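Peer 1: what's the 3D shape of this:
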Amino acid sequence: MLSLEIRFLTGRYAAGRHDDDESPEWPPHPARVYSALTAALHETGNEPADDERAALEWLARAGAPAILAPGMHRRHIGNVFVPVNDPKALDTIDKHLLAVSKAEQEVDATDGKAREKAERRVAQAREKLQERSLATAVGGRSGRPQSAKEVLEHPRHPRFFPVALPAGDVVQMRWADDAPQDVATALDRVCERVCRLGHSSSLVSLRIVDADSEPPVECMRWVPDPEGGNFIRVPHRDQLRHLESVYAIHQATEPRVLPARSARYVRLTGAEEVEGIPASEFAASARDWLVYEVVPAPDERRRHLLDLSLAQQVTRAFRGALLSALDGDAPEAVSGHDADGGPASRTHVALVPLADLGHEHATGSILGVAIVPPRAMEVQDRDRLLEGVFRAGQSDGGGSDERQTGRLRLTLGRHGVLHLQRLRGPSRLRTLDPGRWCSPARRWATATAVALDRNPGHLLSSDPRQAQRAAAAAEHTISKACVHIGLPEPAAVWVHRRSLLEGAPAARRFAPFPDGGNGPRRVCVHAEILFDRRVRGPVLLGAGRYFGLGLAVPYDHGMAEDQR
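Peer 2: Coordinates of the predicted model:
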């Protein structure tokens with residue numbers, strides 16, 4: 001095993017996420033570390049040593065490393081505004097500089113009265129250059145600033161300087177392969193020349209350490225996992241060639257994007273291992289989820305967004321379209337009914353609304369719908385599910401081919417028509433990423449209300465003792481619901497009228513379950529659930545779990561900032 005240690009000498013790491021320039025990157029991405037090593041390899045300006053170059057090529061082929069990093073706090077500062085670099089203004093300055101240069105050349109080439117005229121032209125060109133430079137510096141458009149107000153109110157754009165403040169100053173990256181001694185020695189020499197990571201204020205010391213060396217503080221582990229919900233950038237196998245070819249183009253003066261590939265990681269704490277994390281009976285892999293995004297109608301530009309409180313109506317319409325496409329011949333794992341029409345005896349496909357939740361400006365709008373199959377789904381049942389998805393796309397109302405559009409058109413009565421587009425790869429929206437709902441965590445909070453399997457009694461009773469007994473009964477029911485989907489019994493459950501997530505509707509706003517048909521109406525509550533160890537989602541609880549009710553999201557307060 002090869003182990004590389006990063007020590008943050010100033011106790012800070014200034015580097016923005018590649019997909020969010022307002023948030024700090026944490027943990028440091030291996031691709032960024034590899035770029036720092038490549039810069040150190042070429043810093044002398046001479047041809048790199050053969051053994052050092054070979055060492056970096058070996059490192060790129062070694063794959064994605066495990067990362068040991070402490071928790072961190074984000075440094076919170078207000079927006080910083082800077083003057084705009086106006087390209088047109090800068091072009092004008094270049095023209096004036098050229099005019100000054102030509103006028104000075106005329107002075108050198110003439111004498112007598114012609115020289116006096118040339119000198120006056122030089123003075124005029126320099127004056128215009130000074131005026132243009134000053135106007136650009138204060139954001140004016142022409143001439144000198146006319147007032148203090150023009151100086152103070154020049155156009156500015158916000159700049160973000162995200163900084164992570166780690167709980168410890170050491171991060172380790174560990175590759176599974178053992179590096180040959182000559183490779184490790186050459187890598188260590190390159191590490192000695194690295195002085196920063198990310199922004200120039202992030203001073204670091206890099207070195208190769210013993211494989212059994214442990215960081216001085218307790219760390220979380222980020223481990224490569226094809227089902228992980230965290231995307232971390234790692235080097236390509238030929239990353240060194242990529243970086244060198246890109247540098248030949250930008251020469252450190254042009255804007256550029258770090259060439260890298262994304263790898264899925266799962267985040268662990270303490271001594272937990274991937275295979276030791278309990279998981280629910282629903283599939284957590286992004287490969288298993290079939291995700292649709294809400295899109296505008298073909299003849300419109302804006303999406304028709306619905307509130308998450310309409311989750312049941314949306315998922316029932318989706319289920320109807322799917323079963324209709326299978327001509328009533330859906331297997332039990334898809335329909336939820338056995339051959340006699342009774343309820344299925346085992347876990348089947350769930351339909352999950354994915355909404356904009358959990359941040360300051362969350363709207364609670366449904367941005368997508370996911371088909372979540374059971375974890376132990378038979379191959380033939382999954383084939384039938386995919387067949388239904390294909391046929392539903394063909395009959396979306398416009399006769400389109402699902403292979404081309406993947407669209408679904410759901411009619412929701414007075415709530416209008418919802419258009420969905422099947423995603424073929426990762427979405428730009430975090431809420432449409434299965435990892436958002438499946439990442440391991442100890443604490444979970446419901447996004448949609450739980451339809452309780454048993455009536456707990458009068459939760460809103462004016463009698464405190466009666467209300468307390470009802471709350472205890474509801475918490476017990478939710479605890480049993482966790483066990484029912486394959487999770488361990490929670491250490492604690494708390495029921496609430498409102499969700500802990502910003503933007504989520506209150507429990508009373510959800511339609512009673514079931515919405516229509518016969519049977520008793522279930523009591524709906526929000527919940528906060530705490531396990532004694534981390535569990536993997538998706539967490540879908542209660543009587544309405546197959547229609548998107550009782551959907552919970554990881555809610556660890558101690559989690560890294562980029563996972564909130």
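Peer 1: Tell me how far Lys128 lies from Phe531.
Peer 2: Distance of Lys128 to Phe531, given as Cβ to Cβ, to the nearest Å: 71 Å. Using the backbone N, CA and C atoms, a C-beta is placed for each residue, glycine as well.
Peer 1: My error: substitute His304 in the last question.
Peer 2: Applying Cβ to Cβ to His304 and Phe531 gives a distance of 38 Å.
Peer 1: between those two, who's got more neighbours?
Peer 2: Phe531 (20 against 16; other Cβ atoms under 10 Å).
Peer 1: what sits against the more buried one?
Peer 2: For Phe531, the contact set (Cβ atoms under 8 Å, 6 or more residues apart in numbering) comprises Arg442, Arg443, Trp444, Leu487, Pro488, Pro490, Ala491.
Peer 1: Next, the buried residues of the helix or strand harbouring it.
Peer 2: Taking DSSP states H and E as the criterion, Phe531 maps to strand 524-535. Buried residues in strand 524-535, counted by 16 or more other Cβ atoms under 10 Å: Cys524, Val525, His526, Ala527, Glu528, Ile529, Phe531, Arg534, Val535.
Peer 1: Would you mind splitting this protein into its domains for me?
Peer 2: 2-76+161-276, 82-159, 290-432, 435-563 (automatic domain parsing).
Peer 1: deepest of those domains, which one?
Peer 2: Among these, domain 435-563 has the highest mean neighbour count (mean count of other Cβ atoms under 10 Å), at a mean of 20.
Peer 1: what's the closest non-adjacent residue to Ala263?
Peer 2: Nearest residue to Ala263, sequence neighbours excluded (Cβ to Cβ, 6 or more residues apart in numbering): Ala64, at 4.3 Å.
Peer 1: what about the one you found, helix or strand, and which?
Peer 2: Going by DSSP H and E, Ala64 is not part of any helix or strand.
Peer 1: Following the chain onward from the strand holding Phe531, which element is next?
Peer 2: Following strand 524-535 toward the C-terminus (DSSP H and E): strand 539-540.
Peer 1: residues in contact with the residue nearest to Ala263?
Peer 2: Pro30, Pro224, Ile232, Val234, Ala263, Tyr265.
Peer 1: Tell me where this protein has helices.
Peer 2: Listed in chain order, the helices of the chain (DSSP state H) span residues 30-41, 50-61, 87-109, 112-137, 148-152, 181-192, 239-250, 311-325, 332-335, 379-394, 435-438, 464-484.
Peer 1: Compare those helices and say which comes out lowest on pLDDT.
Peer 2: Comparing mean pLDDT over these, the weakest stretch is helix 148-152, at a mean of 54.
Peer 1: Hmm, Asp182 is touching Asp51, no?
Peer 2: Yes - here Asp182 reaches Asp51: they are 6.3 Å apart, a contact under Cβ atoms under 8 Å.
Peer 1: Now stretch 200-211: average pLDDT?
Peer 2: 90.
Peer 1: CA atoms only for that stretch - export them in PDB, please.
Peer 2: Only the C-alpha atoms of stretch 200-211 are listed here, as PDB (Å, rounded to 0.1, in the frame of the first residue of the first chain):
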ATOM      1  CA  SER A 200      -1.700  30.000  -3.000                       C
ATOM      2  CA  SER A 201      -2.700  30.600   0.600                       C
ATOM      3  CA  SER A 202      -3.100  26.900   1.200                       C
ATOM      4  CA  LEU A 203       0.500  26.100   2.200                       C
ATOM      5  CA  VAL A 204       1.100  22.300   2.500                       C
ATOM      6  CA  SER A 205       3.800  19.800   3.000                       C
ATOM      7  CA  LEU A 206       3.600  16.500   1.100                       C
ATOM      8  CA  ARG A 207       5.500  13.300   1.800                       C
ATOM      9  CA  ILE A 208       5.300   9.500   1.300                       C
ATOM     10  CA  VAL A 209       4.700   7.800   4.700                       C
ATOM     11  CA  ASP A 210       4.600   4.300   6.000                       C
ATOM     12  CA  ALA A 211       1.500   2.300   5.200                       C
END
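Peer 1: low pLDDT regions in the stretch 451-564 of the chain?
Peer 2: Within the stretch 451-564 of the chain, the stretches with pLDDT under 70 are 516-519, 556-564.
Peer 1: one more time with 50
Peer 2: The model of the stretch 451-564 of the chain has pLDDT under 50 over residues 557-564.
Peer 1: Look up the pLDDT of Glu153 for me, please.
Peer 2: 55.
Peer 1: Then Asp396?
Peer 2: The model's pLDDT for Asp396 equals 51.
Peer 1: Show me where the stretch 301-450 of the chain has its strands.
Peer 2: Secondary structure of the stretch 301-450 of the chain, counting by DSSP state E, counting those that start in this stretch: strands at 350-355, 366-372, 407-411, 417-422, 441-446, 450-451.
Peer 1: Tell me which of the ones you listed sits nearest to Ala55.
Peer 2: strand 441-446 (38.2 Å; Cβ to Cβ).
Peer 1: Please list the residues outside the closest one that contact it.
Peer 2: Here strand 441-446 makes contact (Cβ under 8 Å, 6+ apart) with 499-501, 504, 526-535, 537, 539, 541, 550-557, 559.
Peer 1: just stretch 230-242 next, same as before
Peer 2: Residues contacting stretch 230-242 (Cβ under 8 Å, 6+ apart): 18, 27, 29-32, 34, 38, 53, 56-57, 59-61, 63-65, 67, 222, 258-267, 426, 435, 439, 562-563.
Peer 1: Name the residue closest to the centre of the chain, please.
Peer 2: Arg430 (4.8 Å; Cα atoms, centre = their mean).
Peer 1: Next, the contact list for that residue, please.
Peer 2: So Arg430 contacts Arg436 (Cβ under 8 Å, 6+ apart).
Peer 1: Quick check: it vs Ile232, distance?
Peer 2: 15 Å.
Peer 1: on that earlier part again, which members of the buried residues of strand 524-535 are the farthest-apart pair?
Peer 2: Longest distance between any two of these is 27.1 Å, between Cys524 and Arg534; criterion Cβ to Cβ.
Peer 1: I figured Ala49 was touching Ala186, is that so?
Peer 2: Yes - contact criterion Cβ under 8 Å: Ala49 and Ala186 qualify, at 7.4 Å.
Peer 1: would you turn the domains of the chain into a markdown table with distance to Ala283?
Peer 2: Shown next, in a markdown table, are these (distance: least, Cβ to Cβ, whole Å):
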| stretch | distance to Ala283 |
| --- | --- |
| domain 2-76+161-276 | 9 |
| domain 82-159 | 41 |
| domain 290-432 | 5 |
| domain 435-563 | 8 |
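Peer 1: between those domains, which gets nearest to Ala284?
Peer 2: Of all the domains of the chain, domain 435-563 sits nearest to Ala284, with 4.0 Å by Cβ to Cβ.
Peer 1: show me where pLDDT drops low in the stretch 301-450 of the chain?
Peer 2: The model of the stretch 301-450 of the chain has pLDDT under 50 over residues 397-404.
Peer 1: okay if I get the helices of the chain as a markdown table plus distance to Met1?
Peer 2: Listed next are these as a markdown table, based on distance: least, Cβ to Cβ, whole Å:
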| stretch | distance to Met1 |
| --- | --- |
| helix 30-41 | 15 |
| helix 50-61 | 13 |
| helix 87-109 | 50 |
| helix 112-137 | 54 |
| helix 148-152 | 58 |
| helix 181-192 | 11 |
| helix 239-250 | 20 |
| helix 311-325 | 46 |
| helix 332-335 | 42 |
| helix 379-394 | 37 |
| helix 435-438 | 27 |
| helix 464-484 | 37 |
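Peer 1: So for Arg509, which of those sits nearest?
Peer 2: Comparing these under Cβ to Cβ, the one sitting nearest is helix 311-325, at 10.5 Å.
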